[in-house]
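Student: What would the 3D arrangement of this be:
(one chain, ligands or ions: 1)
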Amino acid sequence: MATAVPDGTTGYEAALDVLNSLNTRAEAVRLGDQKARDAMIADCFSLIAKLETPSETFIRTMWTHLMHPAIWRIASDMKLFEALGTDDSPKTVDQLATTTATDPVLTRKVLQNLAAAHVVTEVDVNTFTPTTLSNSLAQQMWIEALELFVPFTNLVTVKTPAYLKERNFRMPTDILDTPGQYAHGGKGEWNMQEMIVRNGHVQGLASLMKVWLDKRPHWSDEKSGFYPVRERLIKGANDSSEAVFMVDVGGSRGHDFLRLFSHVSPDEIPGRLIVQDQPPVVASIADGSLPSKVEKMAYDFFTPQPVQGARVYFMHNIIHNFPDAEAKSILKQIVAAMKKGYSKLLLWDMVLPDKGAGVNACCLDWVMMTYYASSERTETQWRRLLEDPELGLKITDIVHFSQYDQDVIELEIA
Ligand SMILES: C[S@@+](CC[C@H](N)C(=O)[O-])C[C@H]1O[C@@H](n2cnc3c(N)ncnc32)[C@H](O)[C@@H]1O
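Tutor: Below you'll find the predicted structure:
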């Protein structure tokens, strides 16, 4: 006889509805529809929520959500992901412990946990194969991103409840006094961006930005139906070799240009391209890592923008790092450089819906609050900030792709 379903789940009828929705979307996903795939992932999380009891959800959340990052970091430090190799040949615990020169008992514990979390596959007793995820985690870029999280930024999350309790649950409002400084020191002295640099995580942040976009549609991916680069930006751009087509302000090591080039060839783009960032970040751009067409420029975006009258000023993941007052200071520098009727400002940032924001977006909102006293803004909050008459900008479009992606906010001089 079947065992009874425990009390406390929202209901199996509701779960069946989600299953039907999954089935309906499956064909579209098979045909390559990215948005349908995103919706399926959201459905899967909703399915778990409908099937689990509160106790099951509690235990899963409390035990796994902190343990997994720690174990991924341990495996990464042990070079276990590399040792698993990229082919599908099974490896035993003893083989892997020998390759990594680590304790076989610990190696097994790590692998067992990774297998339970679907990071590796347990094909037989004490025998494992890699997955596409573990292959990714073996890559340098992912290793560096993991090092930024564990323990550096994760410590901020752990300390946030105490920070908020001590302040009677008032929102952080000072970028120099957030849970970031509470966890790492530097209160009143450095913002989290500066602390990331000071703590040696320049590379980690740059890598995280790339990992985040890995295999996600880029804003310039016209074919997937994202932003129409040719129609809105290239058409009508000044094609003199001296004119600047696009400045990526706070562009890290220029990876957004590289992704742009995978959709629009550099030859199609008229004029110059410039990536600007803090001096240590610009200095860390390896020679030859960017096409010669991209110029590097050390620049502090709180100071006057040296590039006047570009066709596009692009900022990705910048404004969400700052509360409104600082955001306005940055934007004013760009507005002063823009040419009315010609220049466009593109912000690629989250625009949260007023209802039904996705879980990743909501957690990113907490990251912004706890690191920068900022937030992922709703459309209402964006409009309040960007259409403040003090700036002299107007929003000409907001291009939304999916709940997993940031939206392109297109602006011109009002
Ligand atoms: C969150 S990262 C975003 C990087 C890139 N735009 C992306 O989305 O991948 C923020 C970037 O802003 C840069 N940054 C921070 N403060 C800056 C400043 N005052 N002037 C110029 N760049 C700055 C950081 O070095 C970092 O590369």
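
Student: what helix or strand does T24 sit in?
Tutor: helix 12-30 (DSSP states H and E).

Student: now do D239
Tutor: Counting by DSSP H and E, D239 is part of no helix or strand.

Student: can you count the residues close to K50?
Tutor: 18 (other Cβ atoms under 10 Å). Any C-beta I mention is one placed from the backbone N, CA and C, and that applies to glycine too.

Student: Now the closest residue in space to H218 that isn't next to it in sequence: phi and psi?
Tutor: Take H218 and drop its neighbours on the chain: the residue closest to it by Cβ to Cβ, 6 or more residues apart in numbering is R259, 4.2 Å away. The phi/psi pair for R259 (degrees, to the nearest 10) reads phi -70, psi -40.

Student: How many neighbouring residues does R259 have?
Tutor: Going by other Cβ under 10 Å, the residues that sit close to R259 add up to 17.

Student: where does it land on pLDDT?
Tutor: Per-residue confidence (pLDDT) for R259: 93.

Student: thinking again about what came up before, show me what the helix holding T24 is in contact with.
Tutor: By Cβ atoms under 8 Å, 6 or more residues apart in numbering, the residues outside helix 12-30 that reach it are 5, 9, 36-37, 39-40, 43-44, 46-47, 50-51.

Student: Repeat that for stretch 64-72.
Tutor: With Cβ under 8 Å, 6+ apart, stretch 64-72 has contacts from 110, 113-114, 117, 119, 137, 146, 149-150, 154, 158.

Student: Which one of those residues is nearest to S289?
Tutor: Of all the contacts of stretch 64-72, S289 sits closest to L146, with 21.3 Å by Cβ to Cβ.

Student: Quick check, pLDDT for the closest one.
Tutor: Predicted confidence (pLDDT) for L146: 97.

Student: give me the element it is part of.
Tutor: In the assignment (DSSP H and E), L146 maps to helix 140-147.

Student: Identify each buried residue in the following helix or strand past that helix, please.
Tutor: Scanning forward in sequence from helix 140-147 by DSSP H and E, the next helix or strand is helix 154-166. Buried residues in helix 154-166, counted by 16 or more other Cβ atoms under 10 Å: 154-157, 159-160, 163-164.

Student: which among these gets closest to the ligand?
Tutor: Of all the buried residues of helix 154-166, the ligand sits closest to V156, with 14.7 Å by Cβ to the nearest ligand atom.

Student: That closest one - nearest residue in space that isn't next to it in sequence?
Tutor: Computed as Cβ to Cβ, 6+ apart, the closest residue to V156 that is not its neighbour in sequence is A183, at 4.6 Å.

Student: What distance do you get for the one you found to V158?
Tutor: 7 Å (Cβ to Cβ, to the nearest Å).

Student: if we can go back for a sec, format the contacts of helix 12-30 as CSV; extra columns: distance to W366.
Tutor: Output for the contacts of helix 12-30, formatted as CSV (distance: Cβ to Cβ, whole Å):
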residue, distance to W366
V5, 34
T9, 27
A36, 28
R37, 25
A39, 24
M40, 25
D43, 24
C44, 22
S46, 21
L47, 24
K50, 24
L51, 26
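
Student: Among those residues, the buried ones, what's the ChimeraX command?
Tutor: Paste this into ChimeraX to select the buried members of these, with burial taken from 16+ other Cβ under 10 Å:
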select :9,36,37,39,40,43,46,47,50,51
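
Student: Mind picking the one among the contacts of helix 12-30 that's closest to P279?
Tutor: Using Cβ to Cβ, the contacts of helix 12-30 come closest to P279 at R37, 40.4 Å.

Student: How much space separates that closest one from E166?
Tutor: Remark: distance between R37 and E166 (Cβ to Cβ) = 43 Å.

Student: ok, the nearest residue to A162 once chain neighbours are set aside - how many residues close by?
Tutor: Distances taken as Cβ to Cβ, 6+ apart place Y182 nearest to A162, at 7.6 Å, with adjacent residues excluded. The number of residues packed near Y182 is 21, by other Cβ under 10 Å.
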